[in-house]
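> this one's sequence-less:
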């Protein structure tokens, strides 16, 4: 059979890439040339056509049906791919995955008749772009080390000889796929990076960062630019053209550990009983210029990543902890939002100015809370003597703002955040629920006001911008919330219509102090749409605001830095047409990049926290605790302990009958008649903790522990 006919026949059976065809019919330079000549001839004759580097027969019409996708999940005998636009996913049975790995860009054809009605199912026609960098764990199997990827722990891959590095059994590692096979198990890998034992949370966290190409170390060109700002100070020339606010008793309030201080505040009462509130934000845009290495790297990172006691900053320390940070007692350049509010806390006017400030004191939340409560000692009072006079007015203004916030129906959902307590070696020795006091709420409200003013400024001026958008919950999520509330005996009255935030707030208030409070809080959080960045103002559902943006954290969020840059140009008098020409595409690019990187950062932070919680649980194996049922499935129960640590109790630990029924928020054993309801408390024993996967297993505690 001629080469032309062989290739046509092969493509009729299965769409192929050039690489596929050369593997089948080539082998040396001469044979490869014949393959390409035959391909060119078939294309010229319109027998075959190409889509994204994959060849199809024209007669089949399959090229028009092929979809660009990305592999998002991989199991032992299946995969899920996501359409390029992120609108829906497609199930891929194992025999049709073509060895694709998570992160691979693939071309997919959907089946006309999926096995499950109403679902999308298909096959991967070709892998277009390979993601060959993987993170996982080394395990000794059958006498040799094998690699088990985190993305699919059911699969193991052989490590090529002399490519193991110094990795040992149980090590967390990064590998590169050196040779791809037809199945995932056939891939061959080499160790690229060893992090250490998978039983240490800090090693697992490092691997999570590596997997997303997030590095602590900045590229050399970025470091070179940052070094020019080593020990930098604000000069007289820097202050020219700025409003001099050094006389104002400005100060910062943060946690004791904070080193990258974005924001400061000032407040004075007016003769008519109103307020002049100043929110002063680090003027990062003065130091990070468009097109610089610092700017390009900040755009790529888009956000700082925080986990445990660590931070991977968006900007090098010379800026984040140095010249940009509003440190106590030193001159700093700021972008100030100066607001006027009436005696009832209503915003009446605002203006944005470039300023120079000097923070009087580095305030700490816990210390300010003590001062507000009136139980601070003389030493603490002395520390804050320059700003003490502002605190009663701040408390008064916050009271007005909290009332207004409640009146408009702003949702106040508790996030259930925890604080990880680490020893000097970075190991988690305790977990505590994070609590917030009056000063935390006060600062949050003042920052929210400045953010609101920034968004309003942009909409009124009709300039390109990066808005923070939070849309209303979709029907599917509302249906799940409706089912949860019904199961908890809560009347929601919004089975068909989208509820207002005020209606949801009323439900939260109604369950406060009950066994269902935390569960419904979590249910509400899961019901909410994910807030994103967009170049068009669409409002903020949760905050009940028409205008909202992120203005107050330019050291750690690129959208804030971006809108500082845009607002600076507007304040300098740049005309509207130039603003649109210069910043429209910029705002669109920032919105897309920041939204994507924020999701990645949140996933890393959540997974890292799970690893640290599991590390804590390993120290308490065999110990008994009281917990509350936070989730019910056919397989068993999720139990949350008082400190926020959650684990799973398998059904086999609950009953010996092996038959369980789920009814909404109840798990039942029809044989014994036992029931386990969402919100019930029960005693458990910690029996397993997998630090690597961040998973904890519980069992029902023995009767002796329940006494």
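Alright, I've got the coordinates. Computed from a prediction, not measured in an experiment: that's the story for all the values here.
> Identify the residues contacting stretch 235-255?
Applying Cβ atoms under 8 Å, 6 or more residues apart in numbering, the contact partners of stretch 235-255 are 261, 263-266, 278, 280, 286, 326, 328, 331, 333-334, 336, 353-365, 368, 384, 386-387, 389-390, 439, 443. Every residue, glycine included, has its C-beta placed from N, CA and C.
> right, I mislabeled it, should have said stretch 92-105
68-81, 106, 108, 121-132, 134, 149, 151-152, 177, 180-184, 186-187.
> Next: stretch 270-278.
Defining contact as Cβ under 8 Å, 6+ apart, one finds that stretch 270-278 is touched by 245, 248, 250, 265-269, 336-343, 345, 348, 393, 397, 446, 449.
> could you give me the average pLDDT of stretch 313-330?
pLDDT averaged over stretch 313-330 equals 97, rounded to a whole number.
> Kindly apply the preceding question to stretch 125-136 instead.
Summarised as a single mean, pLDDT over stretch 125-136 is 89.
> same deal with stretch 554-569?
Taken as a whole, stretch 554-569 has an average pLDDT of 98.
> buried set for that stretch?
Residues of stretch 554-569 classed as buried under the neighbour-count rule (16 or more other Cβ atoms under 10 Å) are 554-569.
> So the spatially closest residue to residue 74 that is not a sequence neighbour versus residue 102, what's the distance?
Leaving aside its chain neighbours, residue 74 sits nearest to residue 152 (4.3 Å; criterion: Cβ to Cβ, 6 or more residues apart in numbering). With distances defined as Cβ to Cβ, to the nearest Å, the gap from residue 152 to residue 102 amounts to 7 Å.
> Mutual contacts of the two, please.
Common neighbours of residue 152 and residue 102 are listed as residue 74 (criterion: Cβ under 8 Å, 6+ apart).
> Next, please give the residue ranges for the helices of the stretch 501-650 of the chain.
501-511, 517-527, 558-571, 576-618 (DSSP state H, counting those that start in this stretch).
> Make TSV out of those and add distance to residue 408.
Converted to TSV, the helices of the stretch 501-650 of the chain look like this (distance: least, Cβ to Cβ, whole Å):
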stretch	distance to residue 408
helix 501-511	8
helix 517-527	18
helix 558-571	24
helix 576-618	26
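> buried stuff in the helix or strand containing residue 455?
Here residue 455 sits within helix 438-461, counting by DSSP states H and E. By 16+ other Cβ under 10 Å, the buried positions in helix 438-461 come out as 438-440, 442-443, 445-459.
> now swap in stretch 499-507 and tell me
Counting neighbours by 16+ other Cβ under 10 Å, one finds that the buried residues in stretch 499-507 are 499-501, 504-505, 507.
> Ok, stretch 416-426 next?
When neighbours are counted by 16+ other Cβ under 10 Å, the buried residues of stretch 416-426 are found to be 418, 420, 422, 426.
> What about those, which are in strands?
The members of these that map onto strands under DSSP state E are 418, 420, 422.
> just for the stretch 351-500 of the chain, where's the confidence low?
Flagging of the stretch 351-500 of the chain using pLDDT under 70 yields the residue ranges 493-496.
> so residue 8, which of the three states?
Look at residue 8: counting by DSSP: H, G, I helix; E, B strand; the rest coil, its state is helix.
> shift numbering so it begins at 10
Right, with 10 as the first residue, what we last looked at is residue 17.
> quick one: low-confidence parts of the stretch 560-709 of the chain?
Filtered on pLDDT under 70, the stretch 560-709 of the chain yields the residue ranges 666-668, 672-673.
> re the thing from before, among the buried residues of stretch 425-435, pick out the one closest to residue 415, please.
Checking those against residue 415 with Cβ to Cβ, the nearest one is residue 427 at 26.7 Å.
> quick one: the closest one and residue 652 touch, right?
Yes - under the contact definition of Cβ atoms under 8 Å, residue 427 touches residue 652, with a separation of 6.9 Å.
> anything in contact with each of these two?
Taking Cβ under 8 Å, 6+ apart as the contact rule, the neighbours common to residue 427 and residue 652 are 440-442.
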